[in-house]
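> Quick one, structure for this:
(2 chains)
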Amino acid sequence: MLRIVTGIAFAAFAVVGLPRAAQAQSANGQITQVKAVSPNMVDVEVTSEREFPVLDSVVTLHIGDKSYTVSRSPEDGSLNTLIFSVPASDLTAGANSGAEAWIDYSGQGNGLRWNLGKLNTTTIGKK
Amino acid sequence: MNHMNTARSLTAAAALLLCTQALAGNGPPPDPGDPGPLAVTRVEYDLGDTAFQPVGFPGPVELNAVVYYPTDLSQGPFPLIVFLHGRHATCYLGGSATLAWPCVAPYQSIPSYLGYEYNQSVLATWGYIVASIGANGINARDNSTGDLGMQARAELMQKHLDLWNDWNSPGGAPPFDTLFSGAVDLQNVGTMGHSRGGEGVAKHYVYNQSLGSPYGIVAVLPLAPVDFTRPDVANVPLEVILPYCDGDVNDLQGVHFVDDVRYAPGDPTPKHTTLVMGAIHNFFNRIWTPGEFPAGTADDWVAFTPGGSGDLWCGPNVPGNHRLTAEQQRATGKAYMNGFFRRYIGGEDVFARLWKGDDPPPPSAMTTEIYQSYLPPDSPGTRLDVNRLLTAADLSVNFQGGAVTMGGLNPDDLCGGEVPQPQHCLAGQPTFRQPHTVPSARSSRRGLSQNRFGWDDSSAFLENDLPGVDVSALAVLQFRASVNYFDARNAGDQDFTVTLTDGSGNSDSITVGEISSSLYFPPGEIPSGRPVPKIFLNTVRVPLSAFPTVDLTNVQSVRFDFNVQPTGALLMSDIQFAD
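Here you go, the predicted structure:
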């Protein structure tokens, strides 16, 4: 069971059965940190060797059938990392465990996609 | 000095001369991309990378701009036009880009605001002060805000106008002191925004209104814009330029700006879209164009579209493709952006035909593959609606109270508009191929209501009866339409016959293909999954001069006979008589 602890960074999510890149525009990434920032919200940090381009369409984190579009870059502005604001309830109590996670732009927009694998909340907090 | 300033006087004189020449058969219509008679000066201002703090925005924003202005400011006041660039990386080091703000050494700022100088430098020669402002501070943090930075963009625009108001005052203000004192006409302001800047200028128009309209925003031009929050830009001339091969905002959602306000009650201003068939997103900004800056550039169609480089229409290296080079695309941007502001700020009526789509693209645009659309103001002298096609009732009784009848159409329904219409018109097709109905990131507003119909033999027809309307003061019968690429009954381009009948039974007919190429089969490869083909409803304007025996003071019906091609399917909206 995922517990959200204010100010403590969670370890990396497990990436299970990561699909190989299905098309030229797909890449892999990983959720590298989940950090509680308030009783209701967590920051989900995602990294990728392939940069997330700065586009005018909206970069979107998908976990199962839920989508999250409020994000920011780290303070150094690195394009290899994005930090998404996600309601804590979407990641607690096993919610969405096993759901596929990925990033794209404007939903189905331009075919850019970062596969993050399946969310495994049982490993949260374990390095 | 009143608002009939030097720019207007200069352009009016030039327009009169050119129009007279054109009417006399002495030459082609004027080209809005050509430079004007005035010498211009370039200057930049920079009040600092953290000089402005939008309310509630999670970081500071720069106050800087590059300005082109007529060198002889004593001939002013001149209208002010403000450009706002879109979202892009903000800092760079060598070929590496980041999204921080302010940039920390050794990183330097990416000057996206310098990307439109090709345009500013020409527009200024016609008597305009043209400032292109920086917005990197917003781009660095806008995704963390609920409206994706749109209110911050509006406040930034307003802040720059406040600065110009100070510089325009008798005592002036630093850093220009009295250089621009009395030289700026802040009641004749135009705005152009690219991409997220496009929605930024739309939001700014609404924001300025909310403050009591301290500045006169008289022309608004979103360029390849997003429309996340769907602000209504009504009661101001509006032009949306859309690149068919956009690889970033590839759903062309900016068409919503026009669709959403086209029937704003009493709106005395026109709305336009310009669809540029070979254009992409980034080439309108030189700093975003590969080869023009060391970092952060992209051919967005190729970089962000799976298989895009091999697309038969948009792939730049495919033999026979229709992509524009960066130079051609900037030329198109220059012609249409400058033309819009000269038409609606400068009052150069000589461009009226171009903006209605009645003249071909000007030579300076460097392409003829452009579709210009026009939605007239809401006034008796400019528009008489036949059928708005908004609700199911419009399929049986039209806006003039006449009967709507059809034969042989299957289906014949409405899609894309309000519930209970289906949200999209092409079931099973990606929404990025259906710009008029694509959802918005921060609004649940629906899209354009369209009449969806098809026919299986050439006896099919659609008729709108009218109560003897007088359209003698108007110039055309027009409608918006697109070929439904996803209906197999369309083998290629479409065509049909338009017939008007008067109260005495006199009729004349013309086929659309005789006067318009807008019923093209949307280019693209349907199975590819890529963003083209697209449904885009262009305006078709049928001149009333094509109906010589019809009494235009007593028109009794508008009939479409689908008898040119044996089968077909169209999407249609906005049937109206227009100026």
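
> per-residue pLDDT, residue 12?
Unless you meant another one, I'm taking chain A. A:Ala12 is assigned 35 on the pLDDT scale.

> I was after chain B.
Taking B:Ala12 on its own, its pLDDT is 40.

> Give the closest residue to the residue in chain A that chain B sits nearest to in space, chain neighbours not counted.
Residue nearest to chain B within chain A (CB to the nearest CB): A:Gly77, separated by 2.8 Å. No exception for glycine: its C-beta is placed from N, CA and C like everyone else's. Distances taken as CB to CB, 6 or more residues apart in numbering or on different chains place B:Ala100 nearest to A:Gly77, at 2.8 Å, with adjacent residues excluded.

> so is that neighbour in a helix, a strand, or just coil?
With DSSP: H, G, I helix; E, B strand; the rest coil as the basis, B:Ala100 sits in coil.

> Would you list the phi and psi of it?
Backbone torsions for B:Ala100, taken as degrees, to the nearest 10, come to phi -120, psi 160.

> Can you get me a residue count around it?
Residues near B:Ala100, counting by other CB atoms under 10 Å in any protein chain shown, number 20.

> Same question for B:Arg452.
22.

> ok so it is a helix residue?
No: looking at B:Arg452 with three-state DSSP, it is strand, so not inside a helix.

> confidence score at it?
98.

> hey, what's it bridged with?
For B:Arg452, the beta-bridge partners are B:Asp413, B:Leu571 (DSSP bridges).

> Over to the one 10 residues further on?
Beta-bridge pairing for B:Leu462 (DSSP bridges): B:Met406, B:Phe560.

> State the distance from it to B:Phe479.
11 Å (CB to CB, to the nearest Å).

> I'd like to know how many residues surround the residue lying closest to A:Gly111 once chain neighbours are set aside.
Excluding the flanking residues, the one nearest A:Gly111 by CB to CB, 6+ apart is B:Pro306, at 4.0 Å. For B:Pro306, the neighbour count with other CB under 10 Å is 18.

> if we can go back for a sec, secondary structure element for the residue of chain A closest to chain B?
Under DSSP states H and E, no helix or strand contains A:Gly77.

> Identify the residues contacting A:Ile83.
A:43-46, A:71-74 (CB atoms under 8 Å, 6 or more residues apart in numbering or on different chains).

> one more time with 6 Å
A:Ile83 makes contact with A:43, A:45, A:72, according to CB atoms under 6 Å, 6 or more residues apart in numbering or on different chains.

> shouldn't the first one be in contact with A:Lys35?
Yes: the pair A:Asp43 and A:Lys35 passes the contact test of CB atoms under 6 Å, sitting 4.6 Å apart.

> so what's residue 64 up against?
Just so you know, I chose chain A. A:96, A:99.

> nope, chain B
Contacts of B:Asn64 by CB under 6 Å, 6+ apart are B:46, B:134.

> redo that, cut-off 10 Å
Residues in contact with B:Asn64 (CB atoms under 10 Å, 6 or more residues apart in numbering or on different chains) are B:44-49, B:51, B:109, B:111, B:113, B:131-136, B:160.

> can you pull up the bridge partners for it?
Applying DSSP bridges, one finds that B:Asn64 bridges with B:Asp46.

> what separates it from B:Pro102, distance-wise?
According to CB to CB, B:Asn64 stands 12 Å off from B:Pro102.

> where do the contact lists of those two overlap?
With CB under 10 Å, 6+ apart, B:Asn64 and B:Pro102 have common neighbours B:48-49, B:109, B:136.

> With secondary structure added, can I get the residues you listed in JSON lines?
Compiled in JSON lines, the shared contacts of B:Asn64 and B:Pro102 are given as follows (three-state DSSP):
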{"residue": "B:Gly48", "secondary structure": "coil"}
{"residue": "B:Asp49", "secondary structure": "coil"}
{"residue": "B:Ser109", "secondary structure": "strand"}
{"residue": "B:Asn136", "secondary structure": "helix"}
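
> Out of the residues you listed, who's the most crowded?
That'd be B:Asn136 among the shared contacts of B:Asn64 and B:Pro102, by other CB under 10 Å, with 26 neighbours.

> Check what pLDDT the residue nearest to that one when sequence neighbours are not counted gets.
What sits nearest to B:Asn136 in space, not counting adjacent residues and going by CB to CB, 6+ apart, is B:Thr90, at 4.0 Å. B:Thr90 is assigned a pLDDT of 98 by the prediction.

> just A:Leu91 next, same as before
Predicted confidence (pLDDT) for A:Leu91: 83.

> just the helices in chain B please.
B:6-23, B:117-123, B:136-139, B:150-168, B:196-210, B:255-261, B:300-304, B:326-344, B:352-356 (DSSP state H).
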